[in-house]
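**Q** sequence first, predicted model second:
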Amino acid sequence: EAGVAQSPRYKIIEKRQSVAFWCNPISGHATLYWYQQILGQGPKLLIQFQNNGVVDDSQLPKDRFSAERLKGVDSTLKIQPAKLEDSAVYLCASSLGPSGTDTQYFGPGTRLTVL
Amino acid sequence: AQSVAQPEDQVNVAEGNPLTVKCTYSVSGNPYLFWYVQYPNRGLQFLLKYITGDNLVKGSYGFEAEFNKSQTSFHLKKPSALVSDSALYFCAVRDMERGGYSTLTFGKGTMLLVSP
């Protein structure tokens, strides 16, 4: 079974530029998550989708971050404009459903460096 | 609010010795508990989870964890460490009372270093 795919793996941009990350979840997984992992910290949830609807985006900085999952499969996360403090690894995860018992499986992440 | 504490930034152990990585949690209701491992430049890999039932949970690569409700702990253990176990380990919790829409909250991680 293929895992969660993410691209690109690495991205370097200057502040105030825009960037987009792509995620393809495990086939059949209805729930998709985007996390931000700052160096030395655990992952922090940015947004959770159930199919193509947003379940939780309370931690998403909506003035600069946006995400979509239009067809309920792939998802993109965008930052515009980027700030220095956005330097982090952005992890995508998926699970069969939103149940608390469902295991989240993570992709390899995208390491973003903002200069 | 739910939270996870991993009190050790780093755990050092010699190959062949038993290892323990500590985790304590705080939730308002009953917890769902998870352990993940992260290798350099890789995403998080699922190791094991506690949902209900037997307090001793067995997972991947010979790891196990013991749920202790009175101490609100979920320590990760392995009887005999391997050098290849060296990695960053994360404990995470979800509040059962909030069902499927509760956030998975992670600890800050513990680096495990196994020396030959």
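**A** Thanks, I have it.
**Q** contacts and neighbour counts: CA atoms only from here.
**A** Noted.
**Q** and chain A, which of its residues are near chain B?
**A** For chain A, the contact set with chain B under C-alpha under 8 Å from any C-alpha of the partner chain comprises A:40-45, A:55-56, A:91, A:98-101, A:103-109.
**Q** which among those residues count as buried?
**A** A:42-45, A:55-56, A:91, A:98, A:100-101, A:103-109 (16 or more other C-alpha atoms under 10 Å in any protein chain shown).
**Q** quick one: least confident helix or strand in chain A?
**A** Least confident element among the helices and strands of chain A, by mean pLDDT, DSSP states H and E: strand A:53-56 (a mean of 90).
**Q** in the chain, which spans are strands?
**A** I went with chain A, as the question did not name one. A:5-7, A:10-13, A:19-24, A:31-37, A:44-50, A:53-56, A:65-68, A:75-79, A:88-95, A:105-106, A:110-114 (DSSP state E).
**Q** that's the wrong chain, I meant chain B
**A** Listed in chain order, the strands of chain B (DSSP E) span residues B:3-5, B:10-14, B:19-21, B:24-26, B:31-38, B:44-50, B:56-58, B:64-68, B:73-78, B:87-95, B:105-106, B:110-115.
**Q** list the beta-bridge partners for residue B:95.
**A** Going by DSSP bridges, residue B:95 is paired in beta bridges with residue B:31.
**Q** contacting residues around it?
**A** Applying C-alpha atoms under 8 Å, 6 or more residues apart in numbering or on different chains, we find residue B:95 in contact with A:100, B:2, B:27-32, B:102-103.
**Q** again, only this time at 7 Å
**A** Residue B:95 is in contact with B:27, B:29-32, B:102, counting by C-alpha atoms under 7 Å, 6 or more residues apart in numbering or on different chains.
**Q** who wins for most neighbours among those residues?
**A** Counting neighbours by other C-alpha atoms under 10 Å in any protein chain shown, residue B:31 leads the contacts of residue B:95 with 24 neighbours.
**Q** redo the contacts of residue B:95 as TSV? Include distance to residue A:64 and pLDDT.
**A** Compiled in TSV, those are given as follows (distance: C-alpha to C-alpha, whole Å; pLDDT from 0 to 100):
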residue	distance to residue A:64	pLDDT
B:27	31	89
B:29	34	82
B:30	36	82
B:31	33	89
B:32	32	92
B:102	24	70
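**Q** which residues are contacting the least confident helix or strand of chain A?
**A** Residues outside strand A:53-56 that contact it (C-alpha under 7 Å, 6+ apart): A:47-49.
**Q** ok, now stretch A:59-74?
**A** Under the criterion C-alpha under 7 Å, 6+ apart, residues A:23-25, A:45-47, A:51-52, A:75-81 lie in contact with stretch A:59-74.
**Q** and the buried ones among these, selectable in ChimeraX?
**A** Only the buried entries of the contacts of stretch A:59-74 go into this ChimeraX selection, using 16+ other C-alpha under 10 Å:
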select /A:23,24,25,45,46,47,51,52,75,76,77,78,79,80
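**Q** now for the contacts of stretch A:59-74: which two are most distant?
**A** A:51 and A:81 (27.2 Å; C-alpha to C-alpha).
**Q** any part of stretch B:3-13 near chain A?
**A** No - Stretch B:3-13 does not reach chain A (C-alpha under 7 Å from any C-alpha of the partner chain); its nearest approach is 9.5 Å.
**Q** beta partners for residue A:22?
**A** Beta-bridge partners, per DSSP bridges, of residue A:22: residue A:7, residue A:76.
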